[in-house]
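Colleague: model this:
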Amino acid sequence: MDRPPEPAPLLIACALGIERLALRRGARGDGPVTVLRTGMGPDAAEAAVTRALADPALRDAVVLATGFCAGLAPGMHPGDLVVAEETRDPRGTTRCDGVELLVKELVRAVPGRTVHTGPLTGSDHVVRGPERAALLATGAIAVDMESAATLHCAVRTGVRPVAAVRVVVDAPEHELVRIGTVRGGISAFRVLRSVLPAFVEWHRSLLLPRR
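Modeller: Numbers count the residues shown, from 1 in each chain. As a prediction, this is how the structure comes out:
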């Protein structure tokens, strides 16, 4: 008798060691989850995700990009969450899946934290000063260096659900060069440490049969 196919695993991609540490501290052993540290920048993200998805065990994986980001909109604060409706960079635009479901699960996992939704744009460098306003004018609400490359690579290599969730560590009124950097970084780390259960629930719900 044939066994039913194994559910598609969840591949969570982040750039930095501190991001991976936060996610692993929040792990509860739920489901087939792999946390991949890609390294910084779009090229590193694309190379690492390409290698990971070439592994037969991850070939059909659902992919979620996460970590820290810079908020672009006035009023954003360190520790706010950004759920991408789409990611953008010179490679193109990638639509995200299950956005409303992710927002619901994040609100449950991190009560009291503001969750923003909208386009997440990619950059190959840290964005500061006037460049924020220029990116905001395109409609983007946040920027990071890896999410767009990660999701573009993921959908290029196969049909699969993808998403991006970022935690604001740097915002127009709270730039990293200012005194509040350490406090903002600790706040963002604590939030990132708390979100893995929401990712697992989002993944599980995506794989449930539709009625």
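
Colleague: Please identify the helix or strand for residue 148.
Modeller: helix 147-156 (DSSP states H and E).

Colleague: again with residue 108
Modeller: When elements are assigned from DSSP H and E, residue 108 belongs to helix 99-109.

Colleague: between the helix or strand bottoming out on mean pLDDT in the chain and helix 99-109, how big is the angle?
Modeller: None of the helices or strands of the chain scores lower by mean pLDDT, DSSP states H and E than helix 181-194, at a mean of 76. With axes from the mean of the first three to the mean of the last three C-alpha atoms, to 10 degrees as the basis, helix 181-194 and helix 99-109 are set at 110 degrees to each other.

Colleague: can you list the residues that contact helix 181-194?
Modeller: 18-19, 22-23, 25-26, 66-68, 77-79, 81, 109-110, 113, 167-170, 174, 176 (C-beta atoms under 8 Å, 6 or more residues apart in numbering). In short, each C-beta sits where N, CA and C put it, glycine included.

Colleague: show me what contacts residue 201?
Modeller: Taking C-beta under 8 Å, 6+ apart, one finds residue 105 in contact with residue 201.

Colleague: pLDDT wise, what is it at?
Modeller: As predicted, residue 201 sits at a pLDDT of 94.

Colleague: What residues are bridge-paired with residue 95?
Modeller: Legend: beta-bridge partners of residue 95 under DSSP bridges are residue 86.

Colleague: How many residues are close by it?
Modeller: Neighbours of residue 95 under the rule other C-beta atoms under 10 Å: 13.

Colleague: That one is in contact with residue 84, isn't it?
Modeller: No: using C-beta atoms under 8 Å, residue 95 is not in contact with residue 84, being 9.3 Å away.

Colleague: Can I get the helix holding residue 108 in CSV? Just the C-alpha atoms.
Modeller: Extracted in CSV, the C-alpha atoms of helix 99-109 (Å, rounded to 0.1, in the frame of the first residue of the first chain):
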residue,chain,number,x,y,z
VAL,A,99,-0.9,37.3,3.9
GLU,A,100,-4.1,37.6,5.9
LEU,A,101,-3.5,34.3,7.6
LEU,A,102,0.0,35.4,8.5
VAL,A,103,-1.2,38.6,10.0
LYS,A,104,-3.8,36.7,12.1
GLU,A,105,-1.2,34.3,13.4
LEU,A,106,1.3,37.1,14.2
VAL,A,107,-1.2,39.1,16.1
ARG,A,108,-1.9,36.0,18.2
ALA,A,109,1.8,35.2,18.7
